[in-house]
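Visitor: Below are the sequence and a predicted model for it; my questions follow.
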Amino acid sequence: MSLKLTNRQVGDVTVVDAAGRITLGEGSSALRDVLRDMVAKGQKKILLNLSEVSYIDSSGIGELVSGFTTVTNQGGSLKLLGLTKRVKDLLQITKLYTVFDVHDDEASAVRSFA
Amino acid sequence: MNREAHDEQVEVDEYLDSTLESVDRAEELVVGAAKKAGIEEDDALSLGMAVRECSVNAVVHGNRYNLNKKVHLTVARSATQLIVRIADEGEGFELADLPDPLAEENLLRHSGRGIFIIRAFTDDFDVRRLQPHGTEVTLRKTVAAS
């Protein structure tokens, strides 16, 4: 399974629900395209829900980082929700866990954008 | 390329096309071999991730998706280790030239984390140049003595 992405609004926060694997190829490209599209549309509060993402490789991490940088440079915020243990471990060993604002609960994640 | 020791039993020996589908195949084969060798699930999946990163390097940076070039994957079992070798037909690289992905100035780079992840998820890792061209990466994971 590659990656399925859907999005929804919770107030002025865009929640992107990701499910599957974010790996080099279709998955990482799809994530890149969705985040770029949102930035182009001026969306500045983006919550990436990774609770259904079972696997991410270094390319996927690269797209998370690029997305974070792009959104931040546009004056916005990209935050992460619901990391699985494997994804969390990977972000920790690559010292990216503290770069991102990571949440376990959607409601508090949405509130944190205020 | 093969330089397995006499006490190694080869369990996988495949020449793969330089495609992303081959990366999936390599990961799948190694995770299967790791579980068969008695490596616990989490460690087997982590080894699979290291193999994925290695295979991507071979396909993308080594062979540059050239379908005339192959990635050679072998998995061998010794009494104490699972040994994975992945070879490409590219120009080679120097480990010392790779930037440190954990350095402050590199933390937000788009790429450059593959080798670091490989080292994190294996017990031993080495790289050697092949003649006349190519690179072979060897990953080792300790298994319980059989």
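Guide: Great, that's in hand. Residues are numbered from 1 along each chain as shown, chains lettered A, B, ... in the order given.

Visitor: What's the per-residue pLDDT of residue 61 here?
Guide: No chain was given, so I picked chain A. The model reports residue A:61 with a pLDDT of 96.

Visitor: Chain B, not that one
Guide: 94.

Visitor: how near is it to residue B:7?
Guide: 32 Å (C-beta to C-beta, to the nearest Å). Yep, even glycine has a C-beta here, placed from its N, CA and C like the rest.

Visitor: Counting neighbours, go ahead and name the busier of these two.
Guide: Legend: neighbour count by other C-beta atoms under 10 Å in any protein chain shown for residue B:61 and residue B:7, higher for residue B:61 (15 against 11).

Visitor: Surely the more buried one is in contact with residue B:92?
Guide: No. When contacts are counted by C-beta atoms under 8 Å, residue B:61 is not listed as touching residue B:92 (9.9 Å).

Visitor: what's the overlap in contacts for those two?
Guide: With contacts defined as C-beta atoms under 8 Å, 6 or more residues apart in numbering or on different chains, no residue is adjacent to both residue B:61 and residue B:92.

Visitor: Contact residues of chain A facing chain B?
Guide: A:23-25, A:55, A:57-59, A:61-63, A:65-66, A:68-69, A:86, A:90, A:93-96, A:99 (C-beta under 8 Å from any C-beta of the partner chain).

Visitor: So which of the residues you listed sit within strands?
Guide: Assigned to strands by DSSP state E, the following of the residues of chain A next to chain B qualify: residue A:55.

Visitor: If any of the residues of chain A next to chain B are buried, give me the ChimeraX selection for them.
Guide: This is the ChimeraX syntax for the buried subset of the residues of chain A next to chain B, where burial follows 16 or more other C-beta atoms under 10 Å in any protein chain shown:
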select /A:23,24,25,55,57,58,59,61,62,63,65,66,68,86,90,93,94,96
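
Visitor: Which residues lie in contact with the spatially most central residue of chain A in this structure?
Guide: The centre of chain A sits closest to residue A:48, judged by C-alpha atoms, centre = their mean, with a distance of 3.4 Å. Residue A:48 sits next to A:16, A:18, A:64, A:67, A:78-81 when contact means C-beta under 8 Å, 6+ apart.

Visitor: Nearest to residue B:75 among these?
Guide: Checking the contacts of residue A:48 against residue B:75 with C-beta to C-beta, the nearest one is residue A:64 at 30.6 Å.

Visitor: Just the pLDDT for that closest one.
Guide: The model's pLDDT for residue A:64 equals 95.

Visitor: Would you mind listing the residues in contact with it?
Guide: Counting by C-beta under 8 Å, 6+ apart, residue A:64 has contacts A:22, A:31, A:48, A:56, A:80, A:96, A:100.

Visitor: before we move on, back to that, just send the contacts of residue A:48 back as CSV, with distance to residue B:16 and secondary structure too.
Guide: Converted to CSV, these look like this (distance: C-beta to C-beta, whole Å; DSSP: H, G, I helix; E, B strand; the rest coil):
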residue, distance to residue B:16, secondary structure
A:16, 33, strand
A:18, 28, strand
A:64, 28, helix
A:67, 31, helix
A:78, 36, strand
A:79, 38, strand
A:80, 34, strand
A:81, 36, strand
